[in-house]
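Peer 1: sequence and computational prediction follow.
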Amino acid sequence: MHLKYILTFISFLLSSACWTQPPQDSKSASKMKVSRENMRIQEVSKAIEEGKSDMEIAAGYEKLAKELSAKGEHARAEDYLNRAKRIYQAKKDKEKLAAVERELAKVQEAQNKLEAAYFNFSNAQANTSNIKLKKLSANDMQRVANTNNPEVQSAFISQNIALSEELGDTEEQVLAYQQMAQVNKEMDNAPEAIKNLEKALVTVKDKPEASMNIKREIANTYAADNQIGKAIAINKGLVADAKETNNPKAEIQQLQALSENYLEANKLKEGVTTLQQAYDLAIDKGQTIEAKNSLELLVEQYKRMRQPQKALDIYSDFMTKLEVLVKNDSTLIDERFFQVQEEKILQLEKERELKDKLISKSNTFNYVLLLAIALILISLIFIAKALYSIKKKNKRIALQSLRREMNPHFIFNSLNSVNQFIAQNNELEANKYLSSYSKLMRNIMENSNKDFISLTTEMEQMKEYLDLEYMRFHDKFTYKIEVDSSLDTDAVFIPNMLIQPQLENAIWHGLRYKDSMGLLTLTVKPEGNHLSVIIEDDGIGLTKSKELKTKHQKEHNSRGLNNTQERINLLNSLYAADISIFIEEKTGEESGVIVRLQFPLMNKNL
């Protein structure tokens, strides 16, 4: 069989092994050393599964991307950094967004995606508020934009070396030294490149893995500058370091690199022997992929040395050991485990996204429902306020109507008085009465739209009214008005024309039927938080008055009392005024009626 087809077949077998190798159970997994990237992806998977916060998941993505980038798996690293970026964008965390965009630009540059790298360096520069980090990303933008001009790149990298030192960021510092070394090599300045790599090596002296990578880069630089002896010395040291740290994969790769140095130095025997060591170590340590790589290198060298039989022999050896090798290869299990976790994460992300959408829809529905309820409540409040306003307005109208209902009766009685004076040819008294009556009516009309008036105004109106009645019934009663001197009559307000009907009842239904001269007393005094108004007469009293009344008079008197009570009820309802009226007949030898009106002490016009 042709060697090319054998190699292709082996590659196919290994690829199939990667996908068909079942992940080990937890007991088996616990016995083997789990790679850092597998630990990270497992942490991310667990975080999503346990419903951790988006920020915790994004941080997990960043850590995983860092491990993948260190292994040279830049495409995978870019994927997870993009996932972290989307979360930080959603959360509007600009500083974390700037940091992840910078890392994203680095892995994109490693894949030669220069436009994308420039874009993310630009975004990182715009999003961070740290002046030095802004400058760091701005310099990287210019460096990426000038890939064909090493001298210009060198100037921007020099600035970043200084900035990273100021920031105390060793990772940025090492990266800048490595970038400067690469520029030196492009300018055919290997000694300067090695100096910069050695500076980077000093910076990472406490990090074995990073140190090994930089030493490998130094060896490659020496080899490219035809200083093979130095490259061989470094790679020998790296082989020893890898063996000491029990890193078989690194040891195999360093043996491969050392073999390449020997072959470049035309030391064929050492080169083939070293390659054979790499192959044997890969078989022994269960490193299938590295065994295949060593096999390919050996076959290629045997072909150059025109020793096809040795190539076939080693192929045969590899095929004989392949099945056992694949079964025992933990790296293939690691790869399969990683792939299973990736698939799990994708599924969990879809479930999380679906859940978030459902929650968002539910929240939207709840917000709409709450808004609708709020609008309904607001509408009900407005309707209630409108109804209350209408009800209050109706009560005011009813109150005014009841107040004005008293006026026709009062006017009728007054006109009867005038008519009586005219009938008696007493023109002087009639004129005097009309003059006083018109003054009283003017005052009543002026205040007719007010529910409350000052005590001063009310007392003036009551005096004018009593004067009118006295002009007609001067032979029946006298009156006196007593107002407590402690009251500020201009500041105290009482209901308008609520006292007058009680005075009228006392005169017309009590005092005018008395045989002797009667006395009507109007007393106003404070009692605690209330204002007490007492109308007392020594007329014939309620019982005898009822006996003398006609049916029409009884109906009118009843309506008058009802009117007063209705007005009190309306005032109490409109103003929470706590107004009350008490009517009692005197007992014993005395006759007459006492009416007590109680108002709250109000010092403003409601």
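Peer 2: Noted; the coordinates are in hand.
Peer 1: quick one: name whatever helix or strand follows the helix or strand containing residue 368.
Peer 2: Using DSSP states H and E, residue 368 sits within helix 330-423. As assigned by DSSP H and E, the chain's next helix or strand after helix 330-423 is helix 427-446.
Peer 1: list the helices and strands that following helix packs on?
Peer 2: Using 3 or more CB pairs under 8 Å, 6 or more residues apart in numbering; DSSP states H and E, the elements in contact with helix 427-446 are helix 330-423, helix 455-472. Backbone N, C-alpha and C define where each C-beta goes, glycine included.
Peer 1: chain center to that helix: distance?
Peer 2: Offset of helix 427-446 from its chain centre (CA atoms, centre = their mean, to the nearest Å): 74 Å.
Peer 1: so for it, what gets flagged as buried?
Peer 2: 429, 430, 433, 436, 437, 440, 441, 443, 444 (16 or more other CB atoms under 10 Å).
Peer 1: where does the residue most central in space within the chain land on pLDDT?
Peer 2: Central residue of the chain (CA atoms, centre = their mean): residue 91, 11.2 Å from the mean position. Note for residue 91: predicted pLDDT of 91.
Peer 1: show me what the strand ranked longest in the chain is packed up against.
Peer 2: The longest strand of the chain (DSSP state E) is strand 518-527. Judged by 3+ CB pairs under 8 Å, 6+ apart, strand 518-527 is in contact with helix 455-472, strand 477-483, helix 500-506, strand 530-537.
Peer 1: hmm, try it at 7 Å
Peer 2: Applying 3 or more CB pairs under 7 Å, 6 or more residues apart in numbering; DSSP states H and E, one finds that strand 518-527 contacts strand 477-483, strand 530-537.
Peer 1: contacts for it?
Peer 2: 455, 462, 476-484, 486-487, 503, 506-507, 511, 531-539, 601 (CB atoms under 7 Å, 6 or more residues apart in numbering).
Peer 1: give me the angle between the helix holding residue 368 and helix 455-472.
Peer 2: Counting by axes from the mean of the first three to the mean of the last three CA atoms, to 10 degrees, helix 330-423 points 20 degrees away from the direction of helix 455-472.
Peer 1: relative orientation of helix 330-423 and helix 427-446 in degrees?
Peer 2: 170 degrees.
Peer 1: using CSV, please lay out the buried residues of helix 427-446 together with distance to residue 384.
Peer 2: Output for the buried residues of helix 427-446, formatted as CSV (distance: CB to CB, whole Å):
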residue, distance to residue 384
429, 57
430, 56
433, 51
436, 48
437, 46
440, 42
441, 41
443, 39
444, 36
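Peer 1: returning to what we had before: mean neighbour count, the helices and strands packed on helix 427-446: which tops it?
Peer 2: Of all the helices and strands packed on helix 427-446, helix 455-472 has the most neighbours on average by mean count of other CB atoms under 10 Å, namely a mean of 19.
Peer 1: what about stretch 279-299, how long is it end to end?
Peer 2: Counting by CA to CA, to the nearest Å, you get 11 Å between the two ends of stretch 279-299.
Peer 1: buried set for it?
Peer 2: Going by neighbour count (16+ other CB under 10 Å), the buried part of stretch 279-299 is 279, 281-283, 285-295, 297-299.
Peer 1: do the same with stretch 567-583
Peer 2: Counting neighbours by 16+ other CB under 10 Å, one finds that the buried residues in stretch 567-583 are 567, 568, 570, 571, 574, 577, 579, 581.
Peer 1: quick one: contacts for the residue lying closest to residue 421 once chain neighbours are set aside?
Peer 2: Leaving aside its sequence neighbours, residue 421 sits nearest to residue 430 (CB to CB, 6 or more residues apart in numbering; 3.8 Å). By CB under 7 Å, 6+ apart, the residues touching residue 430 are 418, 421, 422.
Peer 1: so how far is residue 128 from residue 430?
Peer 2: Going from residue 430 to residue 128 by CB to CB, to the nearest Å gives 102 Å.
Peer 1: please apply the same query to residue 295.
Peer 2: Residue 295 is 49 Å from residue 128, by CB to CB.
Peer 1: where does the chain have its least confident helix or strand?
Peer 2: The least trusted helix or strand in the chain, going by mean pLDDT, DSSP states H and E, turns out to be helix 26-31, with a mean of 41.
Peer 1: tally of neighbours for residue 307?
Peer 2: Neighbour count of residue 307, defined by other CB atoms under 10 Å: 13.
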